[in-house]
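my questions concern the predicted model and sequence given below.
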Amino acid sequence: MKKLYAYFACISLICFISSCKKQEVSSTDFFDEAAIHTDDQARFSTDIDAIANDVNIALEMTPGFSGKTASILGSVCDATIIADTVSNPRSITITYNGTGCLTNRKRTGMIKITMDANTRWKNPGAEINVSFINLRITRLKDNKDMVFNGKFRFTNVSGELISDLASVSNVTHTILSDDIDIIFDNGKEWSWKTARKRVYRQDNGIVIFTTGTQSGGGIIGIGDWGNTRAGQPFLTQILLPLESREDCNFRVVRGKIEIILTDRLYATGNLGRDETGSPISCPGANSYWLELTWRDPTGTRCVLRLPYE
């Protein structure tokens, strides 16, 4: 089995192309707000999902947590993992050492996983708490940081382990947090929230479908919400599941999102595209592109196309 880790490097944004002319101030504001927040949202999504993968690796390699003989999905190349299976609650501490062994980012800080001593992760409904402790993630292409602190609740809704997919139809996890403190590279600090469901299946390797589970104001399928680095409320709705596949190095091969910034901007993003915005199959060593479209206050259709790995 290939390392599941690679999937979570799925959205590292590099540059953008626009079909929206930036002539009026209002159009420029909308364009810049969409570009900056889409980049922040992509980084957040990538980093949170990468940590979720590390959590799965740590849990499944520790029989005292998983409830089964150790099964290693992969490894965490930039961290040490220490498990305490004696205390109650039990704990696993992952300490990131910033070695830069990943090609697109480096990480320092810790996460701590805690679980009641009577719980086993393989059981349906099993819950764990995951705390981010001064977790600094630096994007290497521009050395921009995001620093995370906060607590998450992971639930194994279906039971069983990801390594059981050869014998079970799917494994379903949820990830919830209403208190993720983020310090952006411009020094602004805001709280974000997340509510996601991830379904793991087997189809020529592992396939992962990610959806949002929060609803409010007549909107369903919300995955993330909070304030942008400019202090404006936002939410991100997952319109079509984000699908990542092992046979495409765990990149997101298709999916559709909508980003709502306050009540002023509704931007729709389609993943799994080429640089012209057309759907493509796995591009090999080349990048997928995300196409984000919206209409500015003048009614002009605006387009951002952003490569992701």
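The structure has been received and is ready for your questions. Numbers count the residues shown, from 1 in each chain.

okay, now the unreliable bits of the stretch 51-200 of the chain?
70 (pLDDT under 70).

which parts of it are strands?
For the stretch 51-200 of the chain, the strands defined by DSSP state E, counting those that start in this stretch occupy 79-84, 90-97, 105-115, 126-139, 144-156, 170-183, 189-202.

got TSV for those strands, with mean neighbour count and distance to Asp40 too?
From N, CA and C alone the C-beta is placed, and that goes for glycine too. Formatted as TSV, these follow (neighbours: other CB atoms under 10 Å; distance: least, CB to CB, whole Å):
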stretch	mean neighbour count	distance to Asp40
strand 79-84	15	24
strand 90-97	20	21
strand 105-115	20	14
strand 126-139	18	11
strand 144-156	18	8
strand 170-183	18	9
strand 189-202	19	9
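
could I get the ones you listed as CSV with distance to Asn53?
Shown next, in CSV, are the strands of the stretch 51-200 of the chain (distance: least, CB to CB, whole Å):
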stretch, distance to Asn53
strand 79-84, 12
strand 90-97, 11
strand 105-115, 12
strand 126-139, 12
strand 144-156, 12
strand 170-183, 11
strand 189-202, 10
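
what are the buried residues along the longest helix seen in the chain?
Of all the elements of type helix in the chain, the one with the most residues (DSSP state H) is helix 25-60. With burial defined by 16 or more other CB atoms under 10 Å, the residues of helix 25-60 counted as buried are 27, 29-31, 33-35, 37-60.

what sits closest to Ile208 if chain neighbours are left out?
Taking CB to CB, 6 or more residues apart in numbering as the measure, Ile208 lies nearest to Ser244, with 4.8 Å between them; neighbours along the chain are not counted.

for that neighbour, helix, strand, or coil?
Secondary structure state of Ser244, per DSSP: H, G, I helix; E, B strand; the rest coil, is strand.

that one is in contact with Asp203, isn't it?
No. Using CB atoms under 8 Å as the test, Ser244 is too far from Asp203 to be in contact (11.7 Å).

look at the two and report which has more neighbours.
Neighbours of Ser244 and Asp203, each counted by other CB atoms under 10 Å, are more numerous for Ser244; the result is 26 against 10.

beta partners for the more buried one?
Ile208, Val252 (DSSP bridges).

for Thr211, see how far away it is.
13 Å (CB to CB, to the nearest Å).

and the closest residue to His173 other than its chain neighbours, what is it in contact with?
Here the nearest residue to His173 in space, its sequence neighbours aside, is Arg198; by CB to CB, 6+ apart that works out to 5.1 Å. Taking CB atoms under 8 Å, 6 or more residues apart in numbering, we find Arg198 in contact with Ala52, Thr172, His173, Thr174, Ile175, Ile208, Phe209, Thr210.

cutoff 6 Å now
His173, Ile208, Thr210 (CB atoms under 6 Å, 6 or more residues apart in numbering).

try Ile259
Applying CB under 6 Å, 6+ apart as the definition, the contact partners of Ile259 turn out to be Thr236, Ala267.

buried ones in the host helix or strand of it?
Here Ile259, judged by DSSP states H and E, is contained in strand 251-261. Buried positions in strand 251-261, judged by neighbour count with 16+ other CB under 10 Å: Arg251, Val252, Val253, Arg254, Gly255, Ile257, Glu258, Ile259, Ile260, Leu261.

list the buried ones in the helix or strand just after that strand?
The helix or strand immediately downstream of strand 251-261 is strand 265-273, counting by DSSP H and E. Applying a neighbour-count criterion of 16+ other CB under 10 Å, the buried positions in strand 265-273 are Leu265, Ala267, Gly269, Asn270, Leu271, Gly272, Arg273.

now pLDDT and distance to Thr108 too, for those residues, in TSV please.
Conversion of the buried residues of strand 265-273 to TSV gives the following (pLDDT from 0 to 100; distance: CB to CB, whole Å):
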residue	pLDDT	distance to Thr108
Leu265	70	34
Ala267	88	33
Gly269	92	30
Asn270	93	34
Leu271	92	29
Gly272	92	32
Arg273	94	34
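
kindly reformat the residues you listed as JSON lines containing distance to Gly299.
Rendered in JSON lines, the data for the buried residues of strand 265-273 read as follows (distance: CB to CB, whole Å):
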{"residue": "Leu265", "distance to Gly299": "13"}
{"residue": "Ala267", "distance to Gly299": "15"}
{"residue": "Gly269", "distance to Gly299": "20"}
{"residue": "Asn270", "distance to Gly299": "21"}
{"residue": "Leu271", "distance to Gly299": "26"}
{"residue": "Gly272", "distance to Gly299": "28"}
{"residue": "Arg273", "distance to Gly299": "24"}
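
closest one to Ala117 out of these, please.
In terms of CB to CB, no member of those lies closer to Ala117 than Leu271, at 40.9 Å.

and that closest one, what does it touch?
Applying CB under 6 Å, 6+ apart, one finds that Leu271 lies in contact with Val252, Gly255, Leu290.
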